[in-house]
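*Asks:* my questions are about this predicted structure, shown below with the sequence.
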Protein chains: 2
Amino acid sequence: MSDLPARVHLHEEGPREGFQIEPGPIASADKVAFIEALATTGLRHIQCVSFVNPQRVPGMADAESVARAIRRRDGVRYTGLWLNLRGMQRAMETPLDIAGAVGLSASEQFSIRNQGQDTAGSLQEQRRLLAFCVEHGVPVDSAIVMTAFGCNIEGAIPPARVVERVSQLFGLLDEFGLQVPVLRLADTVGWANPNAVASVIGAVRERWPQQRLGLHLHDTRGTGLANALMGLQLGVDTFDSACAGLGGCPFAGHAGAAGNICTEDLASMCEEMGVATGLDLDAMVECAHLAERIVGHQLPGKLMRGGTLTRFRR
Amino acid sequence: MSDLPARVHLHEEGPREGFQIEPGPIASADKVAFIEALATTGLRHIQCVSFVNPQRVPGMADAESVARAIRRRDGVRYTGLWLNLRGMQRAMETPLDIAGAVGLSASEQFSIRNQGQDTAGSLQEQRRLLAFCVEHGVPVDSAIVMTAFGCNIEGAIPPARVVERVSQLFGLLDEFGLQVPVLRLADTVGWANPNAVASVIGAVRERWPQQRLGLHLHDTRGTGLANALMGLQLGVDTFDSACAGLGGCPFAGHAGAAGNICTEDLASMCEEMGVATGLDLDAMVECAHLAERIVGHQLPGKLMRGGTLTRFRR
């Protein structure tokens, strides 16, 4: 009935997802303290900041200073996000770990509204990024298809469209003789359901059976962990997630916005099912409480309230 | 990979679960208005109140007056909960739909602390209840095993223990020549994970392959809908749930308390997977907003914030 992986890799996106959406200013020192606390939990990869236009995302205007202030811990990758070459160049001037990534939105309308480019234009931008990576010896480590399950503009996305976008991304990578270790399928605006996860994964696997897959899920309609469970049952072993479920801001009136699936809730489910995460759940819960103190309001994570089960076991 | 039912039955427990845990008083008229709104969504069964000791649960002191004030809608069952014969007798003096139920806790320690009786004592109490039902011609429609997946006192519960309790309940029902249409397995304090759901269901089905099963799940650690998904994949078609995720009170410092899985979130997942619920999701979301206005604080349901997907579909 299932093909659960023995071990999963959780990419922590809380600092980037969470702090960019908060309406109020978050002190750089708090961001750094949170990232440093996360690094003690067993997490191997923390996405710390995004290098985006500070006029559009004021909460990330301090990306460089946060990136420079982090006291690094061995064995942890500290990364950033960017949407274009300018952002990547900014990231390269910091001590962050730099790897290239390519991505396309399955929904063309979403691409136009959010990236300001249609699929053709976005592919051209990705081509410039890849050329830059190759020229500067920067590794390229992931490809992502956004809105892979649906979007609020175009509605449901057929799996064949996701296959088309993956084909476009892999074709582009081919131009540079590149392959990526992980292809990530993103439920950018929370449309996925477990059946859709199975359909999209099935369609992609049929064409690229050997490609390792990752899931980037948002808990917009409560099905985040159920969608993750379906991924696990299909052998997916790489997930993006956010401590405390950071990223949505249900208490500040951001209608419809919801964060990534919650790292410690997902990790608890995995560990309880015998899927190793490498995380110290109690330490993750402490980080979730720290996140709440920093943002100054309740966050959606459940384990931090319910408590880890390890302490009740005999 | 799955054996999804074509249709599920959702038993709404929000009014009972939710309003008994709230720290402040909830006006009887608000309870009635909420129950009447729920009855317009397509729900067929609403558990409205509990007939328990008003000294211990002051929020349910108005059970009788709420039960009497509800304007009933055809096709909807309005029920109450009781823990002993005295409670059942109180319920029978109201217009509520009356059916008997038997239940045991898988955890003996939980039984002692919560029902004030060990398993033997609890069985004796159930025997009195069944005798009363038979004597008064009251149908008996469900059996439930509480703490079927674990409890904070005894820790994890082995599936064999659940089988033992089911055997005790069915043996008791046999004494009266009774069978129940549904056996409910309850994750009373939020210990379940999808694998445990599969293990317990598997163990029960091995012994009673024809018994229809229901799940009563709490979202204490975020895995509520993932656990429900596993139930659905195994053909379970009956779930207890609570509008807006009522029942926990994360904002009032009830550490660890968490409500039932959220009715409209579960219903949305089901409908998106092609499993019919008979519910009008937008009407359920309106009820969830009403619940928040009544309790005066945020509730954990997600669909009410993310919005139903039906309105975005083309």
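*Replies:* Here it is on my side, so go on.
*Asks:* how about the contacts made by A:G235?
*Replies:* Listed by C-beta atoms under 8 Å, 6 or more residues apart in numbering or on different chains, the contact set of A:G235 reads A:3-5. Just so you know, the C-beta spots here come from the backbone N, C-alpha and C atoms, and that holds for glycine as well.
*Asks:* got a pLDDT number for it?
*Replies:* pLDDT for A:G235: 96.
*Asks:* thinking again about what came up before, quick one: which of the contacts of A:G235 is nearest to B:A37?
*Replies:* Closest approach to B:A37 among those (C-beta to C-beta): A:L4, at 41.0 Å.
*Asks:* surely that closest one and A:G274 touch.
*Replies:* Yes: using C-beta atoms under 8 Å, A:L4 makes contact with A:G274 at a distance of 7.4 Å.
*Asks:* low pLDDT regions in chain A?
*Replies:* Residues of chain A meeting the criterion pLDDT under 70: A:1-2, A:248-257, A:314.
*Asks:* try 90 this time
*Replies:* The model of chain A has pLDDT under 90 over residues A:1-3, A:17-25, A:53-59, A:83-85, A:113-116, A:152-153, A:189, A:247-259, A:297-298, A:310-314.
*Asks:* and it, what are its domains?
*Replies:* A:1-98+A:242-314, A:101-211 (automatic domain parsing).
*Asks:* a markdown table please, covering those domains and showing mean neighbour count and distance to B:V204.
*Replies:* Listed next are the domains of chain A as a markdown table, based on neighbours: other C-beta atoms under 10 Å in any protein chain shown; distance: least, C-beta to C-beta, whole Å:
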| stretch | mean neighbour count | distance to B:V204 |
| --- | --- | --- |
| domain A:1-98+A:242-314 | 20 | 16 |
| domain A:101-211 | 18 | 23 |
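*Asks:* now render those domains as JSON lines, adding distance to chain B.
*Replies:* Shown next, in JSON lines, are those (distance: least, C-beta to the nearest C-beta, whole Å):
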{"stretch": "domain A:1-98+A:242-314", "distance to chain B": "3"}
{"stretch": "domain A:101-211", "distance to chain B": "4"}
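*Asks:* can you list these in a markdown table and add distance to B:P25?
*Replies:* As requested, the domains of chain A are exported to a markdown table (distance: least, C-beta to C-beta, whole Å):
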| stretch | distance to B:P25 |
| --- | --- |
| domain A:1-98+A:242-314 | 23 |
| domain A:101-211 | 36 |
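*Asks:* B:W82: which of those is closest?
*Replies:* Short answer: domain A:1-98+A:242-314, nearest of the domains of chain A by C-beta to C-beta, at 27.5 Å.
*Asks:* quick one: contacts for A:Q117?
*Replies:* A:111, A:124-125.
*Asks:* what does A:D62 give?
*Replies:* Listed by C-beta under 8 Å, 6+ apart, the contact set of A:D62 reads A:28, A:31, A:49.
*Asks:* at 6 Å what do you get?
*Replies:* A:D62 sits next to A:S28 when contact means C-beta atoms under 6 Å, 6 or more residues apart in numbering or on different chains.
*Asks:* can you tell me how far it is from A:G296?
*Replies:* 18 Å (C-beta to C-beta, to the nearest Å).
*Asks:* ok, now A:V285?
*Replies:* 19 Å.
*Asks:* now do A:G14
*Replies:* Where A:G296 is concerned, A:G14 sits at a distance of 16 Å (C-beta to C-beta).
*Asks:* all strands of the stretch 201-314 of chain A, in order?
*Replies:* With DSSP state E, counting those that start in this stretch as the criterion, the stretch 201-314 of chain A has strands at A:213-217, A:238-241.
*Asks:* and the longest one, what does it pack onto?
*Replies:* In other words, strand A:213-217. Helices and strands touching strand A:213-217, by 3 or more C-beta pairs under 6 Å, 6 or more residues apart in numbering or on different chains; DSSP states H and E, are strand A:182-187, helix A:224-233, strand A:238-241.
*Asks:* for that strand, the distance to its chain's centre please.
*Replies:* Remark: strand A:213-217 is offset 8 Å from the chain centroid, using C-alpha atoms, centre = their mean, to the nearest Å.
*Asks:* over to stretch A:56-65?
*Replies:* Distance of stretch A:56-65 from the chain centroid (C-alpha atoms, centre = their mean) equals 18 Å.
*Asks:* with just CA atoms, put stretch A:89-104 into PDB.
*Replies:* Only the C-alpha atoms of stretch A:89-104 are listed here, as PDB (Å, rounded to 0.1, in the frame of the first residue of the first chain):
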ATOM      1  CA  GLN A  89      24.600  38.400  -7.800                       C
ATOM      2  CA  ARG A  90      23.600  40.000  -4.500                       C
ATOM      3  CA  ALA A  91      23.600  36.500  -2.900                       C
ATOM      4  CA  MET A  92      27.000  35.700  -4.200                       C
ATOM      5  CA  GLU A  93      28.400  38.700  -2.400                       C
ATOM      6  CA  THR A  94      27.400  37.100   1.000                       C
ATOM      7  CA  PRO A  95      28.800  34.000   2.700                       C
ATOM      8  CA  LEU A  96      25.600  32.000   1.800                       C
ATOM      9  CA  ASP A  97      25.900  28.700   0.000                       C
ATOM     10  CA  ILE A  98      25.100  29.400  -3.600                       C
ATOM     11  CA  ALA A  99      23.500  27.000  -6.100                       C
ATOM     12  CA  GLY A 100      21.500  27.700  -9.100                       C
ATOM     13  CA  ALA A 101      17.900  26.700  -9.600                       C
ATOM     14  CA  VAL A 102      15.500  26.800 -12.600                       C
ATOM     15  CA  GLY A 103      11.800  27.100 -12.300                       C
ATOM     16  CA  LEU A 104       8.700  27.700 -14.400                       C
END
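*Asks:* ok, A:G224 - contacts?
*Replies:* With contact set as C-beta under 6 Å, 6+ apart, A:G224 has these partners: A:217, A:261.
*Asks:* so A:P54 makes contact with A:S65?
*Replies:* No: under the criterion of C-beta atoms under 6 Å, A:P54 makes no contact with A:S65, lying 11.9 Å away.
*Asks:* what is the nearest of the contacts of A:Q117 to A:C270?
*Replies:* Nearest to A:C270 among the contacts of A:Q117, with distances taken as C-beta to C-beta, is A:S111, at 32.4 Å.
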